[in-house]
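Novice: This is the structure alone, sequence omitted:
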Ligand SMILES: [Zn+2]
């Protein structure tokens, strides 16, 4: 596909459809990022494709593209990787066809989040055309192919690589599909942390008729899980819902009704707000389990700490751009799962805003073309507000 000529406005729907035609299920790229890089180069961006591969993982392609070398650097961050489509027969329109039909763009990644990437490229092309060669700021795109997977070879490594060469970000918008029902209803200014716990309780196996000769691991596991779930972790904070602990599985695997199990396992997931860190939660968990007593092991996997960019000048600009285009005042929220914003927020003010998330990760993922046009206009307005003319 030929890259557009410099300053020719990018059509967000056409570009999103082209990106959808690359079946870039994590960690594969299938041509998505090189195509985006060519389109951005056509607008005058310098783009760099960077592959990262940690031992024991699949290599992942990433992209950093920037126009301008002075002034403040406004960054758009996102991901071209998508979750698998599942059973293709369940889709009314093929997930990787990039079909526009009835005023709707269909396909895996339309909402999460190739659509928003295309809208930002289109917004930047319009903004740059309006400002002409006199524009003195910088606009960049930081796009990974490793967001939906383990997130090892993606945004975090890209940020380290940029920091090592002195590249600075001054503000960042992440194009995740943050809106709950309609475009303009929600901006995310933080996210809860997520941690999994894997609990194994050791007892002594025995005959159910002779319990005094055994130590029932199942009974102690139940007592421990009760200790963890009996009371809420907290009541929520100024910008966050209450933290929650959900048991995801209990496994004993004992087929015999006359055997006391000697080992019992459970796993749980904690979504935690800014009252906690994974370290303080680990201390809390150990104290609760030790109070029940007995031998156990507890392993952890921390997917991300909670973070918050308190409402401030940047989130106000984002809200202003949204209101000018949609007439809606967005809620500033911290709900939902985690995102790559967790890696970027230590570097600069950050907010997340993209399309409507109703169909993300679902069969028949799709977005209205009207929403894509409005999101393009919101991003263009945001650039106008961030880089006031004159
Ligand atoms: Zn996403």
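Specialist: Received it, and whenever you're ready, just let me know what you need. Quick caveat, the model's predicted, so the values are computed rather than measured.
Novice: hey, let's count contacts and neighbours off CA atoms from now on
Specialist: Noted.
Novice: just checking, what packs against the host helix or strand of residue 119?
Specialist: Assessed by DSSP states H and E, residue 119 sits inside helix 115-131. Contacts defined by 3 or more C-alpha pairs under 8 Å, 6 or more residues apart in numbering; DSSP states H and E place helix 115-131 against helix 12-20, helix 369-386.
Novice: so what does the longest one touch, helix or strand wise?
Specialist: Think helix 369-386. helix 12-20, helix 115-131, helix 313-326.
Novice: Among these, which comes closest to residue 337?
Specialist: Across the helices and strands packed on helix 369-386, residue 337 has its closest neighbour in helix 115-131 (18.3 Å, C-alpha to C-alpha).
Novice: from memory residue 348 sits against residue 171, does it?
Specialist: Yes - at 5.3 Å, residue 348 counts as touching residue 171 under the criterion of C-alpha atoms under 8 Å.
Novice: out of the two, which sits in the busier spot?
Specialist: The neighbour count for residue 348 versus residue 171, taken as other C-alpha atoms under 10 Å, is higher for residue 171 (20 against 16).
Novice: picking up where we left off before, what's the next secondary structure element after the helix holding residue 119?
Specialist: Criterion used, DSSP H and E; the element after helix 115-131 is strand 138-144.
Novice: So what's the gap between that next one and the chain middle?
Specialist: 16 Å (C-alpha atoms, centre = their mean, to the nearest Å).
Novice: which strands and helices sit next to it?
Specialist: Short answer (3+ C-alpha pairs under 8 Å, 6+ apart): strand 138-144 packs on strand 60-67, strand 73-79, helix 155-164.
Novice: got the angle for it vs helix 155-164?
Specialist: 140 degrees (axes from the mean of the first three to the mean of the last three C-alpha atoms, to 10 degrees).
Novice: Run through who's touching stretch 124-143.
Specialist: With contact meaning C-alpha atoms under 8 Å, 6 or more residues apart in numbering, stretch 124-143 is reached by 7-10, 43, 62-80, 155, 158, 379-380, 383-384, 387.
Novice: Which residues are in contact with the closest residue to residue 326 other than its chain neighbours?
Specialist: Of all residues not flanking residue 326 in the chain, residue 184 sits nearest, at 6.3 Å (C-alpha to C-alpha, 6 or more residues apart in numbering). For residue 184, the contacting residues are 322, 323, 326, 328, 329, 330, by C-alpha under 8 Å, 6+ apart.
Novice: same thing but 6 Å
Specialist: By C-alpha atoms under 6 Å, 6 or more residues apart in numbering, the contact set of residue 184 is 322, 328, 330.
Novice: among these, who's most crowded?
Specialist: For the contacts of residue 184, the largest number of neighbours (other C-alpha under 10 Å) sits with residue 322, at 27 neighbours.
Novice: How is residue 113 assigned, secondary-structure-wise?
Specialist: Under the three-state scheme (DSSP: H, G, I helix; E, B strand; the rest coil), residue 113 adopts helix.
Novice: The residue nearest to it when sequence neighbours are not counted: neighbour count?
Specialist: Sequence neighbours aside, residue 176 is the residue nearest to residue 113 in space, at 6.1 Å (criterion: C-alpha to C-alpha, 6+ apart). By the criterion of other C-alpha under 10 Å, residue 176 has 29 neighbours.
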